[in-house]
Each structure stands twice: as C-alpha cells, then as structure tokens.
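Enquirer: How does the following fold in three dimensions:
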Amino acid sequence: MRTYTIILEPAVEGGFIVTVPALPEVGTQGDTREEALQHAREAIELVIEHRLSKGETLPAAISLPTRAQGRPTSTPTTSATAWTRP
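Expert: Numbers count the residues shown, from 1 in each chain. Alright, predicted model coming up:
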C-alpha cells in the first residue's frame, strides 16, 4: 500500500480544497474536513485505477512538508496523510 500526502486548504467560501502533490490530477473539496478527506480518498482511488488500467506506473510518495509548513493530521482509515495549511 502506498501512502500519499494530501493538502487541505480552507476555502474562502467555506469548506476545504484538497490537492495531492504526487497525483496532480486529483483536485476535490468538501464542506467539512471529514467530507474533504472522504472525497480525497475516492479521487485517489479513481486516479490509481485509471493509471493502472493504462499501464502507467504509480508515483512514489512525496515526502511530507516540514512542521513549519503545516499541521500534520493522521487519517488512520486511509493510506493518505493530511496536512492542513494554517
């Protein structure tokens, strides 16, 4: 199982915007942190499935940002690690 870092950023209009540095085609959002994380999990799974179906390799995980760049948050039910930017 691979682990990917996701970035959660508060949206101006409320909720959270999600990006995944290792998988640039993943971009999603959610009204709550939990909803954004669930959407991220689903989007990551779809991108991985699509890449594998095309015979593409999956990228290695990208190292986590330093603590000064954000606050780490574990997501124990997924293979992603979420970082919320201040």
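Enquirer: buried stuff in stretch 9-22?
Expert: Across stretch 9-22, burial judged by 16 or more other C-beta atoms under 10 Å covers 9, 15-22. Where C-beta positions appear, they are placed from N, C-alpha and C, glycine not excepted.
Enquirer: Name the residues that touch that stretch?
Expert: Residues from elsewhere that reach stretch 9-22 (C-beta atoms under 8 Å, 6 or more residues apart in numbering): 4-8, 26-33, 35-37, 39-40, 43-44, 59-62, 80, 84-85.
Enquirer: Now do the buried residues in the strand ranked longest in the chain.
Expert: Longest strand in the chain, counting residues (DSSP state E): strand 4-10. Neighbour counts over strand 4-10 (16+ other C-beta under 10 Å) mark 4-9 as buried.
Enquirer: Same check on stretch 35-44?
Expert: 36-41, 43-44.
Enquirer: I'd like those as TSV, with secondary structure, pLDDT and distance to Gly55 appended.
Expert: As requested, those are exported to TSV (DSSP: H, G, I helix; E, B strand; the rest coil; pLDDT from 0 to 100; distance: C-beta to C-beta, whole Å):
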residue	secondary structure	pLDDT	distance to Gly55
Ala36	helix	94	31
Leu37	helix	92	29
Gln38	helix	93	29
His39	helix	94	27
Ala40	helix	92	25
Arg41	helix	90	24
Ala43	helix	93	21
Ile44	helix	91	19
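Enquirer: For the residues you listed, could you give me JSON lines that also reports distance to His50?
Expert: What follows is those, written out as JSON lines (distance: C-beta to C-beta, whole Å):
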{"residue": "Ala36", "distance to His50": "21"}
{"residue": "Leu37", "distance to His50": "20"}
{"residue": "Gln38", "distance to His50": "19"}
{"residue": "His39", "distance to His50": "16"}
{"residue": "Ala40", "distance to His50": "16"}
{"residue": "Arg41", "distance to His50": "15"}
{"residue": "Ala43", "distance to His50": "11"}
{"residue": "Ile44", "distance to His50": "11"}
